[in-house]
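Q: return a 3D structure for these sequence lines:
(2 chains)
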Amino acid sequence: MSAESASAIQRSQVDLVDFVDWSGVECLNQNSSHSLPNALKQGYREDDGLNLESDADEQLLIYIPFTQVVKLYSVVVQGPEEEGPKTVKLFSNKEHMGFSNVNDFPPSDTAILSLDNLKGKPVGLKYVKFQNVRSLTIFIEDNQSGSDITKVQKIALFGTTVETTDMKGLKKIEDH
Amino acid sequence: MVLEATMICIDNSEWMRNGDYNPSRFQAQADAVNLICGAKTQSNPENTVGVLTIAGKGVRVLVTPTSDLGKILACMHGLEIGGEMNLAAGIQVAQLALKHRQNKKQQQRIIVFAGSPIKHDKKALEMIGRKLKKNSVALDIVDFGEDDDGKAEKLEALLASVNNNDTSHIVHVPPGPNALSDVLISTPIFTGDSEGGSGFAAAAAAAAAGGVSGFEFGVDPNLDPELALALRVSMEEERARQEAAAKKAAEEAAKHEKGEEQPSSSQDATMTESASVTASEADNKRNDITDEENALLQQALAMSMDDPASSHELRDTDMSDTAADDPDLTLALQLSVQDSAKDSGSQTDMSKLLADQSFVSSILASLPGVDPNDPSVKDLLASMQSQSEPQEKKDEDEPKEEK
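A: Coordinates of the predicted model:
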């Protein structure tokens, strides 16, 4: 399973950060000085000093709309060992969720992050559930150590877009 | 102009029958609510406001968030007073009502009028506050009416747990001759965060302040807000200038009677330095120096410089130094010169600096954003202390060059 997801990264995968619709990005319960762009935006997320931190308690609810329809293959969530996220639930195409109704729907996928994942190993997702994603909601339910603050250093989404397919990427597969 | 959905929680408990606010607590509250609704809907036409009552038989939503001011005002009629206030339930229902707002782009805000004693404990309120913060709901609290022990504390604790970057506020209104709505008009609850105040609020304030026409300066802020604002600003500037001049003149007289002290005088020397620094800073902000004014000032300076007394020469150097910078400063300096002309000629350099310092401190006080007691300002002054002596000599050279 991990081998498949590792190769999936190479196979015509694009970092979907370019297709994020920044005007609609929201994050509930974030600490205003450690906000979502620290973890999501290119450049900020490479800096380990800049984190996304939770505020009132350890849960975070991140809503990411895309500029076009995408297919999601895998996700990388990086964070510190202690306060990094543990249970991460992903919902596709559910808008404006709140903490109160986040448990009303079954998530499209759930991931329990291990320490390897926190170091940067991608988490493979149930591909069939993420074929037609207009927006992604990431619900971080708790963190590794159970502390009051969850810290996230980097969130990267890997997948392909539906309208445009990278022809060069396809050729690479045939070479293999 | 923030796009906001607001839920107002009205306290209609038995405690609202009390008459310590004129005409009764409930009436005062209703007036305040009407004003707030008007202000919110005016500041942004897409804002919505809803109203619910938190006492009586139970929490009841009178109107869900809507931008229709008439509907909101109509629902305030025929409200019955009774029961006990249930703050926790009220806030939670308000949060739910906001969650189901039609326009999800609106910021969420709850305004609570807390007029009766609070039976919840601090912990429960803090939990509610944290939940509000988690869902990015701002909370404004109007603490009025009953003042039992711990009510103010509990409300402050609630505010602290909700507050995120100063978007939430609390106002304590003690009973008194001022109407509740008048007190609220000047608070951030009405004016919004760091806004100058909507046109509605300005008109309401002007009407409340009195005046037969109902508007200050005879200009309707609604019809011509920029003109009204310009008039108001210039009036305040003039008032501040006059106050500074008057204060300085009064301090002058007091200081000359007291005599000088060495440590304070050295501080005064540094204050003079900071005066010219801050004066030039202020000048950059105020660019209303006309040629006419300059010419008149030069004339006045020339007249004052003809005075043979040595003490006056040195003061004139200071004046000419600042003449190019700020005509207002020089005008005030001139006044001080005329005042001290009556004093004996035994003035030393230090006393001159003292005179300047009193004027300087009044200038500093009138400047917005500059606090003479600020440690950083004091440090700046201390660091410039050593430069004060050579600066005096420089001043003497300068007027000779200018002439």
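Q: what sits closest to A:V75 if chain neighbours are left out?
A: Residue nearest to A:V75 in three dimensions, not counting chain neighbours: A:V123, with 5.1 Å by CB to CB, 6 or more residues apart in numbering or on different chains. Yep, even glycine has a C-beta here, placed from its N, CA and C like the rest.
Q: for the stretch 251-400 of chain B, which residues score under the pLDDT cut-off?
A: Within the stretch 251-400 of chain B, the segments meeting pLDDT under 70 span B:256-293, B:305-330, B:332-333, B:335-361, B:363-365, B:368-400.
Q: what does it put close to chain A?
A: On the criterion CB under 8 Å from any CB of the partner chain, chain A has no neighbours in the stretch 251-400 of chain B.
Q: one step back: the residue nearest to A:V75: what's it in contact with?
A: If you count contacts by CB atoms under 8 Å, 6 or more residues apart in numbering or on different chains, A:V123 has them with A:S5, A:S74, A:V75, A:V76, A:V77, A:V88, A:A111, A:L113, A:N117.
Q: what about the helices in chain A?
A: In chain A, the helices defined using DSSP state H lie at A:2-10, A:37-40, A:115-119, A:167-175.
Q: least reliable of those going by mean pLDDT?
A: Note on the helices of chain A: helix A:2-10 shows the lowest mean pLDDT, a mean of 47.
Q: B:H169 and B:N178, how far apart?
A: Per CB to CB, to the nearest Å, B:H169 is found 18 Å from B:N178.
Q: more crowded one of the two?
A: Each of B:H169 and B:N178 has its neighbours counted (other CB atoms under 10 Å in any protein chain shown); B:H169 has more, 18 against 15.
Q: hang on, isn't the more buried one packed against B:I141?
A: Yes - assessed by CB atoms under 8 Å, B:H169 is found in contact with B:I141 at 7.4 Å.
Q: and for the two, which residues touch both?
A: Common neighbours of B:H169 and B:I141 (criterion: CB under 8 Å, 6+ apart): B:L159.
Q: separation between the residue nearest to A:V75 and chain B?
A: Going from A:V123 to chain B by CB to the nearest CB, to the nearest Å gives 25 Å.
Q: and the pLDDT for the residue nearest to B:M7 when sequence neighbours are not counted?
A: Leaving aside its chain neighbours, B:M7 sits nearest to B:A94 (3.9 Å; criterion: CB to CB, 6+ apart). At B:A94, the predicted lDDT confidence score is 95.
Q: for B:L96, give its distance to B:I128.
A: Per CB to CB, B:L96 is found 13 Å from B:I128.
Q: got it, and A:V88?
A: Taking CB to CB, one finds A:V88 at 27 Å from B:I128.
Q: so those two - more neighbours on which side?
A: Counted by other CB under 10 Å, A:V88 and B:I128 do not tie: A:V88 has more neighbours, with 24 against 21.
Q: so what's the more buried one up against?
A: A:V75, A:V77, A:T110, A:A111, A:I112, A:L113, A:V123, A:I138, A:F139, A:I140, A:E141.
Q: how about a cut-off of 6 Å?
A: A:V88 makes contacts with A:A111, A:I140, as judged by CB atoms under 6 Å, 6 or more residues apart in numbering or on different chains.
Q: measure it to B:M1 for me?
A: For A:V88, the distance to B:M1 - CB to CB - is 37 Å.
Q: repeat that for B:N44.
A: From B:N44 to B:M1 the distance is 5 Å (CB to CB).
Q: which of the two has more residues huddled nearby?
A: A count of neighbours by other CB under 10 Å puts B:N44 above the other of B:N44 and B:M1, at 16 against 9.
Q: that one: what's it in contact with?
A: Here B:N44 is in contact with B:M1, B:L3 (criterion: CB under 6 Å, 6+ apart).
Q: do a quick rundown of the strands in chain B.
A: Applying DSSP state E to chain B gives strands spanning B:4-10, B:48-53, B:60-66, B:107-114, B:137-143, B:169-172.
Q: repeat that for chain A.
A: Counting by DSSP E, one finds strands in chain A at the ranges A:14-15, A:26-28, A:52-53, A:60-78, A:87-92, A:109-112, A:123-124, A:133-140, A:151-152, A:154-161.
Q: where are the low-confidence patches of chain A?
A: Where chain A drops into low confidence, which here means pLDDT under 70, it does so at A:1-12, A:164-176.
Q: around chain B, pick out the residues from it.
A: Listed as neighbours of chain B in chain A under the rule CB under 6 Å from any CB of the partner chain: A:N29, A:S32, A:A56, A:H96, A:G98.
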